[in-house]
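Colleague: Fold the following.
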Amino acid sequence: MNQLLQELKTVKATNRRRIAELTNELSTVRGVLKRYVEKVDSLNAINDNLRTENRQVRLKYEESNKKLEEKTAEAAALDKKVTMASILEADNITVVTLNERDKTTRNIKKISKLQVNFRILRNITTERGRKTVYLRITDIKENVLKSVGENTFLFEGNNIAYSAKKDFDFGGEAQNISVYYPVHERLGKGTYIIALFVDGNIIGESTFTLE
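Modeller: Got it, this is the predicted structure:
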């Protein structure tokens, strides 16, 4: 019995020491966990701030990008207006039919030359200097009247045929021009289409009828 009591006292003492050790370890772990929690809370707060800053930066970027797009669109629209404004225009397009002696004639069989008269309108936006006007005459069968040879010019990325051309000096003010087309083919009765081109742009259109 005494031996048993002694052993029991020894076990109780050992358990008390172990309990004390575990209590100390638990206290240490709790302290470490507390520091970890504090760090996590701190990191969460930092992340929240960063997310807020990121949202603000993204919104500012989107706003700046939108403004840039608007300015780019405005610049493109303005550039388009300037480009459109710089395109020459022609009006008062008329046709005179001439015979071999350069006299006017209404006899379709005696027409040897077509005199196309028109006026280039005043334009202070267009670049001044030497220019070429291309005359394109299309007959009743939609064939282009043209001289022998490859008479073409560039229009909207394609080489198209022209009937006649003339160089002129443009100084910004309105001016009258005449272009002549020597007739090489047999002309038929009907309505013909005239188109005038300068700097790769169509500047005027009209029609005339032969009877």
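
Colleague: Each with direction, which strands does whichever strand or helix holds residue 195 pair with?
Modeller: Counting by DSSP states H and E, the element that carries residue 195 is strand 190-198. Sheet partners assigned to strand 190-198 using DSSP bridges are listed as strand 129-138 (antiparallel), strand 201-210 (antiparallel).

Colleague: Quick one: closest of the ones you listed to residue 154.
Modeller: strand 129-138 (10.0 Å; Cβ to Cβ). All C-beta spots, glycine's among them, are computed from the backbone N, C-alpha and C.

Colleague: Heading C-terminal from the least confident helix or strand in the chain by mean pLDDT, find the next helix or strand.
Modeller: The helix or strand of the chain with the poorest confidence is helix 2-85; it has a mean of 65 (mean pLDDT, DSSP states H and E). If you walk from helix 2-85 toward the C-terminus, the next helix or strand you reach (DSSP H and E) is strand 90-98.

Colleague: buried set for that next one?
Modeller: Along strand 90-98, these residues count as buried under the neighbour rule (16 or more other Cβ atoms under 10 Å): 90, 93, 95, 97, 98.

Colleague: Quick one: residues contacting the first one.
Modeller: Shown in contact with residue 90 (Cβ atoms under 8 Å, 6 or more residues apart in numbering): 118, 119, 120, 121, 196, 203, 204.

Colleague: my read: the fifth one touches residue 93, true?
Modeller: Yes - look at residue 196 against residue 93 with Cβ atoms under 8 Å: they come within range, at 7.2 Å.
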